[in-house]
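A.B. asks: pasting the sequence and the predicted coordinates here, then a few questions.
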Amino acid sequence: MRMLNKRITFFYLIIFCWIVPISLNLAQGNLLNKVIEKFNSEKSFSVEVTQIGSQTKAQIFFEFPDKEKIVLDKSVIVVVADTVWNYNSKLNRLVIQERTEEFSPFSLLDIFYKLPSECTYLENSSGDEFSLKPRDEQELNFKFVSVVVDKNNLPSKISLVDINGNKFLFVLDNYILGKKYGDGFFTVKLKKGTKIVELR
């Protein structure tokens, strides 16, 4: 089983994305394509993501084509191309490893760039929400995901039902579009005595 772990957590929903646009056999101008076009028009953007219920929050930064930084309460994850740096401030430990097919948890942007080719696409009549239903639930390990899109063609809510029927709701807000990040931004600042675990 790939794409989703058996139980989806906030951590796995948002991390480890390698942004590779794909060609979709969908009608021009549909809601999903509008979101993808919006993302592709920006060289970089950031968004705050909150999981409703647990109130877990993260700040996520993207810089196309292949840089990502996720800031959580006690950890920072940086992805540049095929390398992942995962720093846990509580443990003062940095794990470095390659992003591979085996090590590739579900990502926020997978909903827009990867999943559509393997799902049935539906859109509501008002044109502000679309959903994806896997053609093979066992393969993708989830049952349903829906995305509410705001007037700026940015996702504002994501609802997901995993293979076990567990429901998850995420709110996305406070987007910052087109901000330029310096080369040093997509790095991890370490404390003295940090334990480094090299898995590459």
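C.D. replies: Sure, I can see it.

A.B. asks: spatially central residue in this structure, please.
C.D. replies: The C-alpha lying nearest the average C-alpha coordinate of the chain belongs to L108 (Cα atoms, centre = their mean; 1.9 Å).

A.B. asks: would you confirm that it contacts F61?
C.D. replies: No: L108 is beyond contact range of F61, at 11.9 Å (criterion: Cβ atoms under 8 Å). (Each C-beta comes from the backbone N, C-alpha and C, glycine too.)

A.B. asks: beta partners for F130?
C.D. replies: E123, V147 (DSSP bridges).

A.B. asks: counting neighbours, what do you get for it?
C.D. replies: 25 (other Cβ atoms under 10 Å).

A.B. asks: same thing with L169?
C.D. replies: 13.

A.B. asks: repeat for A81
C.D. replies: 11.

A.B. asks: how about the one 5 residues further on?
C.D. replies: A count of nearby residues for N86, using other Cβ under 10 Å, gives 20.

A.B. asks: for it, give its distance to K133.
C.D. replies: 32 Å (Cβ to Cβ, to the nearest Å).

A.B. asks: with K90 instead?
C.D. replies: For K90 relative to K133 (Cβ to Cβ), the value is 38 Å.

A.B. asks: please apply the same query to G184.
C.D. replies: Applying Cβ to Cβ to G184 and K133 gives a distance of 42 Å.

A.B. asks: neighbour count: these two, which is higher?
C.D. replies: Neighbours per residue (other Cβ under 10 Å) separate G184 from K133, with K133 holding more: 16 against 7.
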